[in-house]
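Asker: Okay, sequence plus prediction incoming.
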Amino acid sequence: MMLNVGQRVRLAADLRLAGSATPAAELPEESGAFVASVALAAGVEGVVERVDEHHRQQSHEVREYLRLKSLLDDFGHQMPPASRGQLEEQVEALEDHWAAHQRRMLRVTVRVRLDNGFVLDEAPEEAFTAA
């Protein structure tokens with residue numbers, strides 16, 4: 001499901017946020033940090049403030065697959081059979097890299113302001129459903 005800015009959403013599962021916290025009055029360098037934990041129940045609603053799409057970097061093998069596949073698709077029918085066969089073998093050898101890249105190509109995170117005042121930033125889109 002693709003979320004949009006301004007859309008009402010609901011937390012899909014219970015969520016526990018844990019880590020260290022520092023009192024606001026202290027400087028970050030001071031050692032007043034303590035461990036904190038906040039639990040949010042599934043069903044808490046809020047509004048999407050921002051949607052960020054993170055495109056994965058293409059490896060050398062993926063770029064090479066795209067270049068060779070394009071060459072094969074555009075000019076393969078004009079190539080001598082031996083050259084076309086060699087190019088097909090090169091494309092086939094890189095197909096696993098291309099398939100792996102497609103599986104992890106796009107990651108979407110959102111910033112959601114919950115009705116209880118909490119703001120979840122860089123949360124995975126899958127953590128929410130439409131309200």
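Answerer: Sure thing, it's come through. Residues are numbered from 1 along each chain as shown.
Asker: what is the rounded mean pLDDT of stretch 34-50?
Answerer: Averaging pLDDT along stretch 34-50 yields 91.
Asker: avg pLDDT for stretch 108-121?
Answerer: Averaged across stretch 108-121, pLDDT comes to 93.
Asker: Would you mark the buried spots in it?
Answerer: Within stretch 108-121, the residues that count as buried by 16 or more other C-beta atoms under 10 Å are 109-112, 114, 120. All C-beta spots, glycine's among them, are computed from the backbone N, C-alpha and C.
Asker: With distance to V35 as new columns, can the residues you listed be given to me in a markdown table?
Answerer: Shown next, in a markdown table, are the buried residues of stretch 108-121 (distance: C-beta to C-beta, whole Å):
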| residue | distance to V35 |
| --- | --- |
| T109 | 25 |
| V110 | 27 |
| R111 | 25 |
| V112 | 24 |
| L114 | 22 |
| L120 | 20 |
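Asker: top strand in the chain by residue count?
Answerer: strand 45-55 (DSSP state E).
Asker: if we can go back for a sec, closest to D74 among the buried residues of stretch 108-121?
Answerer: Among the buried residues of stretch 108-121, T109 lies closest to D74 (C-beta to C-beta), at 36.2 Å.
Asker: That closest one contacts E122, doesn't it?
Answerer: Yes. Using C-beta atoms under 8 Å, T109 makes contact with E122 at a distance of 4.6 Å.
Asker: Find residues that contact each of those two.
Answerer: Common neighbours of T109 and E122 (criterion: C-beta atoms under 8 Å, 6 or more residues apart in numbering): D52.
Asker: about what we covered before: and for the helix or strand that comes right after the longest strand of the chain, what are the contacting residues?
Answerer: Counting by DSSP states H and E, the element after strand 45-55 in chain order, helix or strand, is helix 60-75. Contact partners of helix 60-75, identified using C-beta under 8 Å, 6+ apart, comprise 58, 84, 87-88, 90-91, 94-95, 97-98, 101.
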